[in-house]
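# Sequence and predicted structure, then a few things I'm wondering about:
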Amino acid sequence: MNFAYAIPFSYTYEKINDTILNNQSAYYLLNIYNNNAYEDRYQIYTISAFWDISPSIIQSLPLSNNTVILEITPMDPKLYGPQLVPVTIKSLSDEYFVVENFYVYIKPSNYTPKEYVPSVAMEVRLPDSVDPREPVSLEVYIRNRNPLNLTELFIIVDSELFSKTYVTSLGPLEEKTNQVVFVDMNPLQKPGIYPINIFLIYNNKTISQSSKQLVIKEYGDIKIEQTKIKELFRTKEKIILYNDGNSEVIKQVRIEKNYFQRLFTKSSAKYEKENYNGKSYIVWNVPLKPRETVKIEVITNYTPLVLFIIIVIILVISYYIFRSPVILFKSAKIVSSSEHGVTDVKVKLHIKNRSGKTIRNIKLIDKYPKLMTLEEESMLGSLKPTKMLSGDKTHNLLNWNIEVLDPYEERLIVYKIKSGLNIVGNISLPASKIKFHTASGERSYLSNKVVLTHKSHQSLSEE
């Protein structure tokens with residue numbers, strides 16, 4: 001959320017040079033502080049046609065200080081003596097503005113300064129060659145050649161390697177050595193010879209300068225950083241190689257991995273296999289250019305194998321947990337036939353409780369074709385059906401009710417069906433169904449289907 005102070009901005013200023021000729025510019029150091037928690041722009045201008053102001057726009061970040069050198073230039077060559085220049089500073093976001101009168105003294109064109117002209121001797125000392133990984137020590141020796149008091153003397157060091165500005169003072173006939181230490185040089189700087197320019201600035205004028213050459217020397221080293229993270233069924237290894245030199249090299253890296261481990265290992269870079277001292281390794285030959293970094297990630301992941309084993313275990317356990325405790329197997333055979341077809345069939349229903357629990361309220365349902373009839377005498381010695389119903393257009397139903405099956409108990413139900421006509425071809429007996437109650441509710445189980453084929457001799461074909 002943006003919020004504003006009662007005053008959107010505050011400012012201070014101090015003179016750099018307010019005494020000028022009418023063909024010169026006055027300079028002030030202007031500081032504007034943005035009191036708001038949002039970005040703003042400040043417009044700087046004057047309503048007087050006799051003056052020109054620069055800069056005209058300042059961009060400001062939230063709650064930040066902005067320092068600029070304000071340049072005030074007379075536009076009328078007839079102006080001279082003390083002047084007050086009305087300068088307006090306006091916030092473009094809040095429309096808040098202030099007007100400040102800046103004092104400027106314009107000397108007559110025939111004015112002859114009575115002050116000394118700045119005259120400073122400068123000598124720069126620096127090492128013959130430097131290592132960019134280490135701080136660079138640069139000494140600037142300066143000596144004031146006259147009684148002029150230089151209160152704000154700017155030392156500017158400029159090169160493509162670095163750029164620094166320092167402010168010092170130099171009293172009348174004073175001499176001093178300013179030691180400049182640069183700690184922010186790029187440690188990966190390419191070797192070579194680099195020019196350095198040093199300037200002495202007083203009252204916005206260069207009063208002395210010097211040019212030197214800095215030699216960045218060569219160095220080289222291959223650095224290897226290797227980390228290994230072990231997880232439950234996964235190992236991640238990261239290798240970081242860095243060429244800290246100035247020529248291309250090939251670095252060999254290897255990790256011990258046997259054949260089984262390699263089956264589950266993936267690498268971000270192609271590797272080769274190598275045997276050394278009776279051990280098996282994976283090997284990378286990594287080319288490295290100067291100041292190049294290469295990363296290799298190696299992941300050995302046994303998770304798929306573990307998941308496969310867990311799934312197999314779950315399936316086996318689930319099979320034993322969720323399989324039907326009661327199974328039913330149906331079989332049949334032709335007991336009477338001729339070359340003209342089948343007439344009699346014996347059907348067996350084999351029931352088995354394969355659990356260690358007692359099963360109750362068992363209902364067995366079987367079907368046989370309506371072309372055939374049930375023989376009553378076939379039920380001797382076997383459990384008789386509880387019901388005999390007409391199931392659909394092509395089948396009759398037989399129902400048996402069994403009160404209880406003890407653990408691992410087996411029952412065999414046998415019945416015969418007979419056809420008044422000779423049946424030629426296949427006889428299809430549909431699957432039987434058994435229903436029973438368990439602790440989790442009612443369950444059911446379907447038996448296999450039976451297909452009988454009439455051939456030259458009795459045979460049985462089952463699915």
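Yep, that arrived. Numbering: from 1, shown residues only.
# sec struct for the residue nearest to Arg291 when sequence neighbours are not counted, please.
With sequence-adjacent residues excluded and distances taken as C-beta to C-beta, 6 or more residues apart in numbering, Arg291 is closest to Leu188, at 4.7 Å. Using the backbone N, CA and C atoms, a C-beta is placed for each residue, glycine as well. Three-state call for Leu188 (DSSP: H, G, I helix; E, B strand; the rest coil): coil.
# Double-check Leu188 against Pro132; I have them as touching.
Yes. Judged on C-beta atoms under 8 Å, Leu188 makes contact with Pro132 at a distance of 7.3 Å.
# Of these two, which one has the most company?
Pro132 (19 against 12; other C-beta atoms under 10 Å).
# Just give the closest residue to that one, not the sequence neighbours.
Counting by C-beta to C-beta, 6+ apart, Gln189 is the residue found nearest to Pro132 once chain neighbours are left out, at 4.1 Å.
# where does the one you found land on pLDDT?
What the model reports as pLDDT for Gln189 is 76.
# Double-check it against Glu134; I have them as touching.
No. Counting by C-beta under 8 Å, Gln189 does not reach Glu134; the two are 11.6 Å apart.
# Tell me which of those two has more neighbours.
Gln189 (17 against 10).
# ok, now how distant is the more buried one from Ile311?
Noted for Gln189: a distance of 57 Å to Ile311, by C-beta to C-beta, to the nearest Å.
# just Gly245 next, same as before
Distance of Gly245 to Ile311, computed by C-beta to C-beta: 52 Å.
# The two: which is more packed in?
Gly245 (18 against 10).
# need the contact list for that one.
Taking C-beta atoms under 8 Å, 6 or more residues apart in numbering, we find Gly245 in contact with Glu218, Tyr219, Gly220, Asp221, Ile222, Pro290.
# In a strand, it, correct?
No. Under three-state DSSP, Gly245 falls outside any strand and is assigned coil.
# what's the domain layout of this protein?
9-107, 120-216, 222-303, 326-462 (automatic domain parsing).
# out of those, nearest to Tyr320?
Closest approach to Tyr320 among those is made by domain 326-462 (9.8 Å; C-beta to C-beta).
# so how far is the closest one off the chain centroid?
Taking the mean of its C-alpha atoms, domain 326-462 sits 65 Å from the chain's own mean (C-alpha atoms, centre = their mean, to the nearest Å).
# Tell me the buried residues within the contacts of Gly245.
Listed as buried from those are Pro290; burial here means 16 or more other C-beta atoms under 10 Å.
# Can you tell me which of the contacts of Gly245 is nearest Lys416?
Checking the contacts of Gly245 one by one against Lys416 (C-beta to C-beta), the nearest turns out to be Ile222, at 91.4 Å.
# So what pairs up with the residue nearest the centre of the chain in the strands?
Residue closest to the mean C-alpha point of the chain, counted by C-alpha atoms, centre = their mean, is Glu297 at 15.1 Å. Here Glu297 sits in beta bridges with Lys238, going by DSSP bridges.
# List the contacts of it.
Shown in contact with Glu297 (C-beta under 8 Å, 6+ apart): Lys236, Glu237, Lys238, Ile239, Ser267, Ser268.
# max-length helix in the protein?
If each helix of the chain is counted by residues according to DSSP state H, the longest one is helix 303-322.
# wait, doesn't Asp221 sit right on Asp244?
Yes. Using C-beta under 8 Å, Asp221 is in contact with Asp244, at 4.4 Å.
# Can you lay out the domains of the chain as CSV showing distance to Tyr319?
Formatted as CSV, the domains of the chain follow (distance: least, C-beta to C-beta, whole Å):
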stretch, distance to Tyr319
domain 9-107, 67
domain 120-216, 64
domain 222-303, 24
domain 326-462, 12
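# Any idea which of these has the lowest pLDDT on average?
domain 326-462 (a mean of 81).
# buried stuff in stretch 168-176?
Leu170.
# Give me the contact list for it.
120, 141-153, 155, 178.
# Looks to me like Leu79 is in a strand.
No. Secondary structure of Leu79 (three-state DSSP): coil, not part of a strand.
# Isn't it up against Asn22?
Yes. In this structure, Leu79 is within contact of Asn22 by C-beta under 8 Å, at 5.7 Å.
# who has more neighbours, the two?
With neighbours defined as other C-beta under 10 Å, Leu79 and Asn22 compare such that Asn22 has more, 17 against 13.
# from the contacts of stretch 168-176, which ones fall inside helices?
Using DSSP H, no member of these falls in helices.
# In strands, which of these appear?
Cross-referencing the contacts of stretch 168-176 against strands under DSSP state E gives Val120, Tyr141, Ile142, Arg143, Asn144, Leu150, Thr151, Glu152, Leu153, Ile155, Asn178.
# dump the residue contacts of the fourth one.
Put plainly, it is Arg143. Val120, Ala121, Glu174, Glu175.
# For it, give its distance to Asp158.
From Arg143 across to Asp158, the span is 22 Å (C-beta to C-beta).
# before we move on, the earlier item: tell me, what's touching Leu79 and Asn22 both at once?
Contacts common to Leu79 and Asn22, judged by C-beta under 8 Å, 6+ apart, are Ile106.
# Phe9: how many residues sit nearby?
Phe9: 23 neighbours (other C-beta under 10 Å).
# pretty sure it contacts Asn35?
Yes. Using C-beta under 8 Å, Phe9 is in contact with Asn35, at 5.7 Å.
# among the contacts of Glu297, who's most crowded?
Ranked by neighbours (other C-beta under 10 Å), those are led by Ile239, which has 21 neighbours.
# Grab the nearest non-local neighbour of that one.
Spatial nearest neighbour of Ile239, chain neighbours left out: Ile296 (4.4 Å); criterion: C-beta to C-beta, 6+ apart.
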